[in-house]
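*Asks:* From the sequence below, what's the structure:
(2 chains, ligands or ions: 1)
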Amino acid sequence: MKRTLYIFSDGEIKRKGNTIYFESSEGKKYVPIENTQEILIFGEVSLNKRLLEFLNENEIVVHFFNYYGFYIGSFYPREHLNSGYMILKQAEHYLDTTKRLRLAKKFVWGAVKNIIKVLEYYIARGKPLHEIVERIANLEPSISIANSVENLMAIEGNIRDHYYDSFNIIIENENFTFEGRTRKPPKNMINALISFSNSLVYVVCLSEIYHTHLDPRIGFLHSTNMRRFTLNLDVAEIFKPIIGDRLIFSVINKGIIKPSHFEEKLNGIVLNEKGKQLFVQEFDERLKTTIKHRKLGRHVSYRELIRLELYKLQKHLIGEEEYTPFVAWW
Amino acid sequence: MITGTLIWYYYICPREVWLMSRQLTPWEENPFIELGRLISQESYERDTKEVQIENIVIDIVKTQDEEVIIGEVKKSSRFIKSATMQLAFYLLKLKEYGINAKGILLFPKEKRRIPLSLTKEMEEKLNLAIDRINQIIKSETPPPATKNRFCAKCGYREFCWA
Ligand code: SF4
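*Replies:* As a prediction, the model looks like this:
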C-alpha cells in the first residue's frame, strides 16, 4: 500500500538508488519510491534537482509548508494523464458563464449539505444547534437563485459565518473559544487549527487531481487566474466539513490537541511542531478510514471518495452525467 | 483510423473505445499492462519481429514453407474473443495488401497456441465492428457503462461506477 511521506524534521532529502533518502540530526531514513504516494514537507529541508527528476518520473506530488504550517506551494510533476479533450471540456465549462455557475453552485450546495450533516451529528449528541441548522437551511434556497459566482461566494460566506457560530457550542472548551474567523495570521488556537486543517484538505485534493485528466488550474467556484491551483479549492469545499472540521472537533474533545501545542508567532497563534505532527497523524488516519460505498458496493477510504468525486466531475464535463456532490450519510 | 487496439477494446467493452479515443486513459496503479508488454517481449525472443504496416503493429511475423504466419501474444486467454478479433483484423489488413497470411494466438503463460485463419464470417463481423467503432467515436458522449465481466479488473471501474 502506498503511503504519504510526512517530513517534519530539518535535514536533507535525496535520491539513493530507488529510494527516497532523508537525513536529519535524528537519523537516516530510506523509503522505497514505490511505496510513496505523495510527500508533505513541513521541516526546513534541502533537496536537489536529481530528486525532483526522480519524483517526476515516479509521478509523486510534493507539497511544501512553511515554518508556521502555512501552505507554500507544490511540486506538481509533469502531467502523466493527458487528454486535450478533457481540458477543452473543462475550459468550456469555465468560459460559459451558465455552465460555470451551475457547477459552482454544486460545490456550495455540497458544502452546505455536509455542514448540516456535521451539525446534525452533534444535535444527536445533545448539542443545541437546531437554530443554527435552521438559519443555514433558510439560506440554502438562495444558492439556486444566485445569479453570479460573486453572489454565490457571498452566500457561501454568509452560511459559513452561521456555521462557525456552532464551533463554541460543539467544542465547549474555554481554551478553544472561537471569536470569528481570522486567517493571516490566525488570532487564536481554533483559527490556527482551521487554517491548518483546510490546507491539508486542499493539498490532498490537489494530489488526487494529479491522478485524473483534470487541470487543477481551472476551478469553477474559485476563480482561475492561470497561475494558482483552484480546482482543488472547489472540491475541498465538499470535504472540509466532513474530513477537516470533524477532525478538529475530535482532536480537541478527546484532548489530543492541547493549548501546549500552540505558540505565538507572527502576531498570531500557530501550531507548534508537536501540534502539527499530532494533527497530521490523525488527519492521515482519517483519510484511510473506509466507509461502505453504496454504489460501488465496497469499502472506500475518504481519500478514494475524493478521487471518485473527481471522476463524477469528469463525467459531468464530458456531458455524460450531471454532477451531484457527495453528501455524507452518517 | 481503426487500429488493432481499438478492435481489442471494442470486444471487451465499447465504452472503452470511446474513452480511449478521447485519450481518457485509465490510471493504472497495478503493473498489469506493463506485465503484458514484458511477456510479449521475453517469451518469443527467437522469432519476434515487430512489424508495422500503416497503423497496425504486428507482434510476430515468420515465414514457414512459403506461408506467412503472424502471431499475437497475450498474457491470458481471458480476453480470447478480443484477441481473436484483433488478430483477424490484422489478417484482413494483410489481405488488403495481397498477403494471405495465417494467424496464431499465443498465450505463453498458459502454454497455449491457437491457430487462426480468416473466414468470410469473420470478415463480415469485422466490418460491422469497424462501422460500429466509427459510430462510437463520432458520438458526443460515451456508450453508457453496463456491468460486464471485465468491469472488475478494468482500469475505468471507479470512473464508470463512481
Ligand atoms: S468498467 Fe466496465 S463498463 Fe466501464 S469501461 Fe470497464 S468494462 Fe466498460
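
*Asks:* Report the rounded mean pLDDT for stretch A:43-55.
*Replies:* Average pLDDT, stretch A:43-55: 94.

*Asks:* Repeat that for stretch B:92-108.
*Replies:* 87.

*Asks:* how long is it end to end?
*Replies:* Terminal residues of stretch B:92-108 are spaced 24 Å apart (C-alpha to C-alpha, to the nearest Å).

*Asks:* for the stretch 1-150 of chain A, what spans make up the strands?
*Replies:* For the stretch 1-150 of chain A, strands defined by DSSP state E, counting those that start in this stretch occupy the ranges A:3-7, A:11-16, A:19-24, A:27-32, A:36-41, A:45-46, A:61-65, A:71-75.

*Asks:* Could you do the stretch 201-330 of chain A as well?
*Replies:* In the stretch 201-330 of chain A, the strands defined using DSSP E, counting those that start in this stretch lie at A:262-265, A:268-271, A:290-293, A:298-301.

*Asks:* ok, and for the first one, which residues are buried?
*Replies:* Neighbour-count burial for strand A:262-265, with 16 or more other C-beta atoms under 10 Å in any protein chain shown as criterion, is recorded at A:Phe262. C-beta: built from backbone N, CA, C; applies to glycine.

*Asks:* So B:Trp161 sits against A:Arg294, correct?
*Replies:* No. In this structure, B:Trp161 is not within contact of A:Arg294 by C-beta atoms under 8 Å, at 10.8 Å.

*Asks:* Which residue of these two possesses the greater neighbour count?
*Replies:* B:Trp161 (17 against 7; other C-beta atoms under 10 Å in any protein chain shown).

*Asks:* burial measure for the closest residue to the more buried one other than its chain neighbours, as a count.
*Replies:* Computed as C-beta to C-beta, 6 or more residues apart in numbering or on different chains, the closest residue to B:Trp161 that is not its neighbour in sequence is A:Leu296, at 5.4 Å. With neighbours defined by other C-beta under 10 Å, the count for A:Leu296 comes to 15.

*Asks:* A:Leu296 and B:Ala162 touch, don't they?
*Replies:* Yes. Here A:Leu296 lies in contact with B:Ala162, judged by C-beta under 8 Å, at a distance of 7.5 Å.

*Asks:* what residues do these two have in common as contacts?
*Replies:* A:Leu308 (C-beta atoms under 8 Å, 6 or more residues apart in numbering or on different chains).

*Asks:* re earlier: out of the strands of the stretch 1-150 of chain A, flag the one nearest chain B.
*Replies:* strand A:36-41 (10.0 Å; C-beta to the nearest C-beta).

*Asks:* in chain A, which spans are helices?
*Replies:* A:49-57, A:84-95, A:97-124, A:130-145, A:149-171, A:189-210, A:231-239, A:246-253, A:273-288, A:302-317 (DSSP state H).

*Asks:* for the residue nearest the centre of chain A, what are its contacts?
*Replies:* Centroid-nearest residue in chain A, with C-alpha atoms, centre = their mean: A:Val201, separated by 1.4 Å. Counting by C-beta under 8 Å, 6+ apart, A:Val201 makes contact with A:Ala236, A:Phe239, A:Lys240, A:Ile243, A:Gly244.

*Asks:* Neighbours of A:Lys187, how many?
*Replies:* 15.

*Asks:* swap that for A:Ile306, sorry
*Replies:* A:Ile306, neighbours per other C-beta under 10 Å, totals 24.

*Asks:* Would you mind confirming that it is in contact with A:Tyr202?
*Replies:* No. Look at A:Ile306 against A:Tyr202 with C-beta under 8 Å: they stay out of range, at 11.1 Å.

*Asks:* on that earlier part again, I'd like the strands of the stretch 1-150 of chain A as a markdown table, with mean neighbour count appended.
*Replies:* Listed next are those as a markdown table, based on neighbours: other C-beta atoms under 10 Å in any protein chain shown:
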| stretch | mean neighbour count |
| --- | --- |
| strand A:3-7 | 18 |
| strand A:11-16 | 17 |
| strand A:19-24 | 19 |
| strand A:27-32 | 12 |
| strand A:36-41 | 20 |
| strand A:45-46 | 14 |
| strand A:61-65 | 21 |
| strand A:71-75 | 15 |
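
*Asks:* Switch those over to CSV; also include distance to A:Leu88.
*Replies:* Shown next, in CSV, are these (distance: least, C-beta to C-beta, whole Å):
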stretch, distance to A:Leu88
strand A:3-7, 32
strand A:11-16, 36
strand A:19-24, 36
strand A:27-32, 38
strand A:36-41, 28
strand A:45-46, 38
strand A:61-65, 24
strand A:71-75, 24
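
*Asks:* Of these, which is nearest the ligand?
*Replies:* Nearest of the strands of the stretch 1-150 of chain A to the ligand, taken as C-beta to the nearest ligand atom: strand A:36-41 at 23.3 Å.

*Asks:* Between strand A:11-16 and that closest one, find me the angle.
*Replies:* 150 degrees (axes from the mean of the first three to the mean of the last three C-alpha atoms, to 10 degrees).

*Asks:* which sections of the chain are below the confidence cut-off?
*Replies:* Just so you know, I chose chain A. A:224-227 (pLDDT under 70).

*Asks:* sorry, should have said chain B
*Replies:* Chain B contains residues with pLDDT under 70 at B:28-61, B:63-66.

*Asks:* quick one: the helices in it?
*Replies:* With DSSP H, the ranges of helices along chain B come out as B:4-12, B:14-21, B:32-42, B:80-96, B:120-138, B:157-161.

*Asks:* list the helices and strands the shortest one packs on?
*Replies:* In terms of contacts (3 or more C-beta pairs under 8 Å, 6 or more residues apart in numbering or on different chains; DSSP states H and E), helix B:157-161 is packed against helix A:302-317.

*Asks:* what's the nearest residue to A:Arg78 if we skip its chain neighbours?
*Replies:* In space, A:Arg78 is closest to A:Asn56, 5.9 Å off (C-beta to C-beta, 6+ apart).

*Asks:* can I assume the one you found is in contact with A:Pro77?
*Replies:* Yes. Contact criterion C-beta under 8 Å: A:Asn56 and A:Pro77 qualify, at 4.3 Å.

*Asks:* anything in contact with each of those two?
*Replies:* Contacts common to A:Asn56 and A:Pro77, judged by C-beta under 8 Å, 6+ apart, are absent.

*Asks:* buried subset of the contacts of A:Val201?
*Replies:* A:Ala236, A:Phe239, A:Lys240, A:Ile243, A:Gly244.

*Asks:* any chance of those in TSV, with distance to chain B too?
*Replies:* Below are the buried ones among the contacts of A:Val201 laid out as TSV (distance: C-beta to the nearest C-beta, whole Å):
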residue	distance to chain B
A:Ala236	18
A:Phe239	15
A:Lys240	20
A:Ile243	18
A:Gly244	22
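
*Asks:* tell me which parts of chain B are close to the ligand?
*Replies:* By the rule C-beta under 6 Å from any ligand atom, the part of chain B lying against the ligand is B:Cys13, B:Arg15, B:Glu16, B:Ala145, B:Thr146, B:Asn148, B:Phe150, B:Cys151, B:Cys154, B:Tyr156, B:Arg157, B:Cys160.

*Asks:* now, which of those residues sits nearest A:Glu285?
*Replies:* Nearest to A:Glu285 among these: B:Arg157, at 26.3 Å, using C-beta to C-beta.

*Asks:* burial measure for the spatially closest residue to that closest one that is not a sequence neighbour, as a count.
*Replies:* Setting aside the residues directly before and after it, B:Arg157 is nearest to B:Cys151 in space (C-beta to C-beta, 6+ apart), at 5.4 Å. Neighbourhood size, B:Cys151 [other C-beta under 10 Å]: 15.

*Asks:* Report the separation between B:Cys151 and B:Gln23.
*Replies:* 21 Å (C-beta to C-beta, to the nearest Å).
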